[in-house]
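[1] Turn this into a model:
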Amino acid sequence: MIWIGSAPDASTNPDFETDVTSGWTFVAGIPATLTRDTSTAASGSASAHVHVPVAGDFNWRVNLNTIGTISIGDGRALSATFWARSSAPRTLPVVVGVAGVGEVARRTVDLTTEWRRHQVELMPRGAGSASLSFFLAGAAGDVWLDDVHF
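    Below is the predicted model:
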């Protein structure tokens, strides 16, 4: 894993130790919940837990997004690092978005029922102030996230 701690980070509440709302927005276009879970964590004592009872018609119908942004340039690589697990094997889209432009980069990671650390390299096709999003409506079930950096 490569994480240069002095680099800008759009994630201002990466570990969810006190809550899941500071530094994050949760958008549920279908029934879904976001809670702070103190029964499982990859780092510290809590994680963000998203429950989607029924898969959506589009994976972006439920998304968790950083409120903070970082400045990105067209074709300049950046990365997201995070821990994740799910209630059943599934894929998770990791997306970079720029306000007014939309999605500028996307990668998909495979989740299992065990905590696993991921580092995703993203190559944006645009520039601006970018946020990180996880698109969670692609499958029914549960996803836990922890120690998220962008």
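[2] Ala46 and Asp9: what is the separation?
    19 Å (C-beta to C-beta, to the nearest Å). For glycine as for every other residue, the C-beta is placed from the backbone atoms N, C-alpha and C.
[3] worst-scoring helix or strand of the chain, pLDDT-wise?
    In the chain, the helix or strand scored least confidently by mean pLDDT, DSSP states H and E is strand 70-72, which has a mean of 93.
[4] Describe which strands whichever helix or strand comes after that one pairs with in its sheet and in which direction.
    As assigned by DSSP states H and E, the chain's next helix or strand after strand 70-72 is strand 78-86. Counting by DSSP bridges, the strands paired with strand 78-86 are strand 116-122 (antiparallel), strand 141-149 (antiparallel).
[5] got the residue ranges for the strands in this structure?
    24-28, 33-37, 47-52, 62-66, 70-72, 78-86, 90-98, 102-111, 116-122, 128-135, 141-149 (DSSP state E).
[6] strand partners of the third one, parallel vs antiparallel please.
    Strand pairing for strand 47-52, using DSSP bridges, gives strand 33-37 (antiparallel), strand 141-149 (antiparallel).
[7] pLDDT score for the spatially most central residue of the chain?
    Centroid-nearest residue in the chain, with C-alpha atoms, centre = their mean: Phe134, separated by 3.7 Å. Per-residue pLDDT puts Phe134 at 98.
[8] now do Ala139
    98.
[9] do Gly100 as well
    Gly100 is assigned 85 on the pLDDT scale.
[10] Next, the contact list for the closest residue to it other than its chain neighbours, please.
    Nearest residue to Gly100, sequence neighbours excluded (C-beta to C-beta, 6 or more residues apart in numbering): Gly128, at 7.6 Å. Each residue near Gly128 by C-beta atoms under 8 Å, 6 or more residues apart in numbering is listed here: Ser71, Ile72, Val98, Ala99, Gly100, Val101, Val104.
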